[in-house]
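J.: what's the 3D shape of this:
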Amino acid sequence: MVQHSGSGRIEADDPQTVASARALNPGLAQSAIGSEPAYEPPVERRREENRRKSVLRAFFYGNFRPRRRGNRRATDEHLFLVDWHEPRILYLSLCILLLSCTDALFTLNLLNAGASEANAVMASMLEQGIDVFLASKIGITSFSLVILVVAARRKFIGSFSVEHLLQVFCLGYIMVIYYEIYLFRFVFKLDIF
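T.: You can find the predicted model right below:
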């Protein structure tokens, strides 16, 4: 017969009941069954190896099997940045980078055809040389993309997130490329395809 005492312990007359209770919950050992509580140290569950020693292994493991995909609490959303993003953000940023490189290539070809650079900053870079122009255009775009991808889940204005801002940049680059194709075909009468 099992009886609950006022102290929270379980009193048992039958040794078989005590043995079955211990088998179901080994942590109870002596704490709740019939006698004074006994302390049992917790079982060590950590591995012998330290996973943080190998930076390269941790980098690849963390990229392909990330554990933290969001903040622990909804109230911490504005405090922390996470290191895992959906694949669509990678594709979006790669698309922006490729469109930026295409824009640089088309700009140089349009300049050879007789056009002029409308962007004052890029025009000053062009005056210093083609290498400076390409390095600054691709460098500024790459650096900006890294910053925007890190903060992709953050809100920008109201419910408009940084991811939406990346989508706007991608759409803007697509429109610039279409405009440059229009200049090639209809203004300068050049066949680029």
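
J.: could you use CA atoms for every contact and neighbour count after this?
T.: Noted.

J.: now the helix or strand that contains residue 135 - C-alpha only, PDB.
T.: With elements taken from DSSP states H and E, the one containing residue 135 is helix 130-150. Below are the C-alpha coordinates for helix 130-150, written out as PDB (Å, rounded to 0.1, in the frame of the first residue of the first chain):
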ATOM      1  CA  ILE A 130      38.600  51.600 -64.800                       C
ATOM      2  CA  ASP A 131      40.200  49.500 -62.000                       C
ATOM      3  CA  VAL A 132      39.200  52.000 -59.300                       C
ATOM      4  CA  PHE A 133      35.700  52.200 -60.800                       C
ATOM      5  CA  LEU A 134      35.200  48.400 -60.800                       C
ATOM      6  CA  ALA A 135      36.700  47.900 -57.300                       C
ATOM      7  CA  SER A 136      34.700  50.700 -55.700                       C
ATOM      8  CA  LYS A 137      31.400  49.700 -57.400                       C
ATOM      9  CA  ILE A 138      31.700  46.000 -56.500                       C
ATOM     10  CA  GLY A 139      33.300  46.700 -53.100                       C
ATOM     11  CA  ILE A 140      30.600  49.200 -52.000                       C
ATOM     12  CA  THR A 141      27.800  46.800 -53.200                       C
ATOM     13  CA  SER A 142      29.400  43.800 -51.500                       C
ATOM     14  CA  PHE A 143      30.000  45.600 -48.200                       C
ATOM     15  CA  SER A 144      26.400  47.000 -48.200                       C
ATOM     16  CA  LEU A 145      25.000  43.500 -48.900                       C
ATOM     17  CA  VAL A 146      26.900  42.000 -46.000                       C
ATOM     18  CA  ILE A 147      25.500  44.600 -43.600                       C
ATOM     19  CA  LEU A 148      22.000  44.300 -45.000                       C
ATOM     20  CA  VAL A 149      22.000  40.500 -44.900                       C
ATOM     21  CA  VAL A 150      23.100  40.500 -41.200                       C
END
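
J.: what sits up against it?
T.: 81-83, 89, 93, 97, 100-101, 104, 122, 125-126, 162-163, 166 (CA atoms under 8 Å, 6 or more residues apart in numbering).

J.: between these, which sits nearest residue 183?
T.: residue 104 (14.5 Å; CA to CA).

J.: just the strands in this structure please.
T.: Taking DSSP state E as the test, the strands found in the chain are 2-4, 10-12, 155-157, 160-161.
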